[in-house]
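Trainee: this one's sequence-less:
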Ligand code: NDP
Ligand code: 2IT
């Protein structure tokens, strides 16, 4: 970083948050993008906006004790990072995965500030989770864990304070148990969590929203460059909520999805993935993606999920987890003729991979912009809960599409305004930052 103030701020972030490498990575990317902004607007430095924005407003960290099916006491850690409430109540998902520690939740909470700002809706940034692993646990174990987690979290959230949702390892089953316990301990039926099932206040299209939104964004980016999804070969990593609905929308838009993965390995089906079967395996049976080949023996299964980027494709949509796509993978994709990459997961490409994409003029949709459809539709769920109404699928889907197209336009315009035409990483960071920064300045030093 050339700017002296920004590089010394980066050093302070590293000092204060030792060992939290994912958080450092997320902050560095944003500060780098903001160099031309602070040069044009030194007031953001003078008024301490950047100093404040890298420090969470509040971090809640708690013990989550629960009893497993054998009667043994298990103890996990729970987190909620309430990062920024400048433009709305804290909003962001909960992740249950063994890799969760404070640095992961901070990186996700930090990203969420700018992503939520880009949606154009009044939502601040937050994230939470636990190192609990739902995989291999019985439904009753998951329920007891969720009840214990919410018994503490309930003290800190509320429909006008902080509204959690799902993320890795937190789907409709977990959301149900969390909501049930919130209602029990507070005696309130409010829209305190999003991603709820339709029966008790969820929004139609929230389940599809992140994956559909990713494709609406990618489609806008492709069309702006004279391309489209039509007849394109698409590789999607992951096989969870985001990946499955990205695959479905890719197909609606005329593309062919040939590969999906989980943390063990990937499947390659040159005839196009049988999505109905994937939904059965992953959503209904909670089995491994490998099971796919027992029904389609003509498809291939390979151990090692990273190998998925070796497959020749036109469009790559990483939808699993952070840092899943590195410099080598980026170079392989390009040498195989890939023209566009858009991130469904949060921070899936390493900084070196992003640099390779930008240097080679690959159409690149960064996570904050490209996967904002999930949280945007969560905000639409909040609206419906507030007015005690339920919109039909087409209404929500149309709003989602419009939001994603606007995010593309605003990110492109910001990149161009600051002299980096086509660089949507910088554009998304800048457009997301400006709204939050201006709100912070108007609200004073708080
Ligand atoms: P799910 O839990 O539904 O699915 C996660 C998928 O990613 C699974 O296939 C999982 O495989 C795979 N995965 C998880 N961790 C790893 C890992 N360390 N290495 C390789 N594969 C891994 O989560 P989502 O689909 O909801 O989330 C996927 C990504 O999208 C995350 O980065 C999340 O933060 C982001 N996101 C999610 C949104 C949402 O609305 N759900 C919104 C915006 C972003 P396995 O089953 O083997 O663990
Ligand atoms: O990363 C994300 O944006 C999410 N996991 C969705 C958050 C939300 O509040 O819907």
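Mentor: Sure, I can see it. Note that this is a predicted model, so its numbers are computed, not measured. Ligands and ions are numbered 1, 2, ... in the order given.
Trainee: any idea which residue of the stretch 201-350 of the chain lies closest to ligand 2?
Mentor: residue 346 (5.4 Å; C-beta to the nearest ligand atom). All C-beta atoms are positioned from the backbone trio N, CA, C, and that covers glycine.
Trainee: wasn't that residue part of a strand?
Mentor: No. Looking at residue 346 with DSSP: H, G, I helix; E, B strand; the rest coil, it is coil, so not inside a strand.
Trainee: that one reaches residue 371, doesn't it?
Mentor: Yes. Between residue 346 and residue 371 there is a contact at 6.9 Å, judged by C-beta atoms under 8 Å.
Trainee: those two - which one has more neighbours?
Mentor: residue 371 (30 against 24; other C-beta atoms under 10 Å).
Trainee: all helices of the stretch 201-350 of the chain, in order?
Mentor: Taking DSSP state H, counting those that start in this stretch as the criterion, the stretch 201-350 of the chain carries its helices at 206-224, 241-252, 275-279, 292-295, 327-335.
Trainee: which residues touch the third one?
Mentor: Read that as helix 275-279. Helix 275-279 has contacts (C-beta atoms under 8 Å, 6 or more residues apart in numbering) with 239, 244, 247, 248, 251, 257, 260, 289, 292, 295, 296.
Trainee: cool, and stretch 408-421?
Mentor: 36-37, 40, 118, 217, 220-221, 224, 365, 369, 422-424, 426-428, 430-431, 434.
Trainee: kindly recompute the last result at 7 Å.
Mentor: With contacts defined as C-beta atoms under 7 Å, 6 or more residues apart in numbering, stretch 408-421 is touched by 36-37, 118, 217, 220-221, 369, 422-424, 426-428, 430-431.
Trainee: next: stretch 146-155.
Mentor: 62, 64-66, 78, 80, 130, 174, 177-178, 181-182, 185-186.
Trainee: ok, now stretch 213-231?
Mentor: In contact with stretch 213-231 (C-beta under 7 Å, 6+ apart) are residues 246, 249-250, 253-255, 315, 317, 339-340, 342, 344, 363, 365, 369-374, 376, 400-401, 404-405, 407-408.
Trainee: buried ones among the residues you listed?
Mentor: With burial judged by 16 or more other C-beta atoms under 10 Å, the buried subset of those is 246, 249-250, 253, 255, 315, 317, 339-340, 342, 344, 363, 365, 369-374, 376, 400-401, 404-405, 407-408.
Trainee: ranges for the helices of the stretch 51-200 of the chain?
Mentor: Taking DSSP H, counting those that start in this stretch, the helices of the stretch 51-200 of the chain run over residues 102-118, 139-153, 172-186.
Trainee: which residues in the chain form strands?
Mentor: With DSSP state E as the criterion, the chain has strands at 58-67, 73-84, 90-96, 125-130, 162-165, 233-236, 256-261, 265-268, 300-303, 315-317, 340-342, 363-365.
Trainee: max-length helix in the chain?
Mentor: Counting by DSSP state H, the longest helix found in the chain is helix 393-417.
Trainee: quick one: that helix to helix 102-118, angle?
Mentor: 90 degrees (axes from the mean of the first three to the mean of the last three C-alpha atoms, to 10 degrees).
Trainee: tell me the buried residues in helix 393-417?
Mentor: In helix 393-417, counting by 16+ other C-beta under 10 Å, buried: 396-397, 399-401, 403-405, 407-408, 410-412, 414-415.
Trainee: now stretch 83-96
Mentor: Quick answer for stretch 83-96 (16+ other C-beta under 10 Å): 83-96.
Trainee: tell me the one of those nearest residue 440?
Mentor: Nearest to residue 440, judged by C-beta to C-beta, of the buried residues of stretch 83-96 is residue 86 at 5.0 Å.
Trainee: thought that closest one was touching residue 441?
Mentor: No. Applying C-beta atoms under 7 Å as the test, residue 86 and residue 441 come out as separate, 9.6 Å apart.
Trainee: which residues touch the closest residue to ligand 1 within the stretch 101-250 of the chain?
Mentor: Closest approach between the stretch 101-250 of the chain and ligand 1, counting by C-beta to the nearest ligand atom: residue 240, at 1.8 Å. Residues near residue 240 by C-beta under 7 Å, 6+ apart: residue 282.
Trainee: so what's it scoring on pLDDT?
Mentor: Note for residue 240: predicted pLDDT of 98.
Trainee: same check, this time on the one 10 residues further on
Mentor: The score at residue 250 is 98. That number is its pLDDT.
Trainee: give the contact list for it.
Mentor: 215, 229, 234, 257.
Trainee: surely the last one touches residue 274?
Mentor: No. The criterion here is C-beta under 7 Å, and residue 257 misses it with residue 274 at 10.0 Å.
Trainee: those two: who's more crowded?
Mentor: Remark: of residue 257 and residue 274, residue 257 carries more neighbours, 24 against 16, as counted by other C-beta under 10 Å.
Trainee: so residue 291 makes contact with residue 281?
Mentor: Yes. Judged on C-beta under 7 Å, residue 291 makes contact with residue 281 at a distance of 5.0 Å.
Trainee: the more surrounded of these two?
Mentor: A direct count of neighbours by other C-beta under 10 Å for residue 291 and residue 281 places residue 281 higher, at 22 against 16.
Trainee: that one against residue 287, yeah?
Mentor: Yes. At 4.9 Å, residue 281 counts as touching residue 287 under the criterion of C-beta under 7 Å.
Trainee: measure stretch 74-94 end to end?
Mentor: In stretch 74-94, first residue to last residue: 20 Å (C-alpha to C-alpha, to the nearest Å).
Trainee: pull the distance from that stretch to the chain's centre.
Mentor: Put simply, stretch 74-94 sits 14 Å off its chain's centre (C-alpha atoms, centre = their mean, to the nearest Å).
Trainee: ok, that stretch near ligand 2 or not?
Mentor: Yes. Stretch 74-94 reaches ligand 2 (C-beta under 6 Å from any ligand atom) through 91, 92, 93.
Trainee: tell me what the second one is bridged to.
Mentor: Yep, that's residue 92 we're talking about. residue 164 (DSSP bridges).
Trainee: going forward, begin numbering at 13 instead of 1
Mentor: In the new count, where the first residue is 13, that last one comes out as residue 104.
Trainee: spatially nearest residue to the closest residue to ligand 2 within the stretch 13-162 of the chain (excluding sequence neighbours)?
Mentor: With C-beta to the nearest ligand atom as the measure, residue 105 is the residue of the stretch 13-162 of the chain nearest to ligand 2, at 3.0 Å. What sits nearest to residue 105 in space, not counting adjacent residues and going by C-beta to C-beta, 6 or more residues apart in numbering, is residue 179, at 3.3 Å.
Trainee: for residue 140, which residues make a bridge with it?
Mentor: residue 92, residue 106.
Trainee: ok, it - contacts?
Mentor: Neighbours of residue 140 in contact, by C-beta under 7 Å, 6+ apart: 91, 92, 93, 106, 117, 176.
Trainee: tell me the pLDDT at it?
Mentor: 98.
Trainee: cool, and residue 216?
Mentor: For residue 216, the pLDDT comes out at 98.
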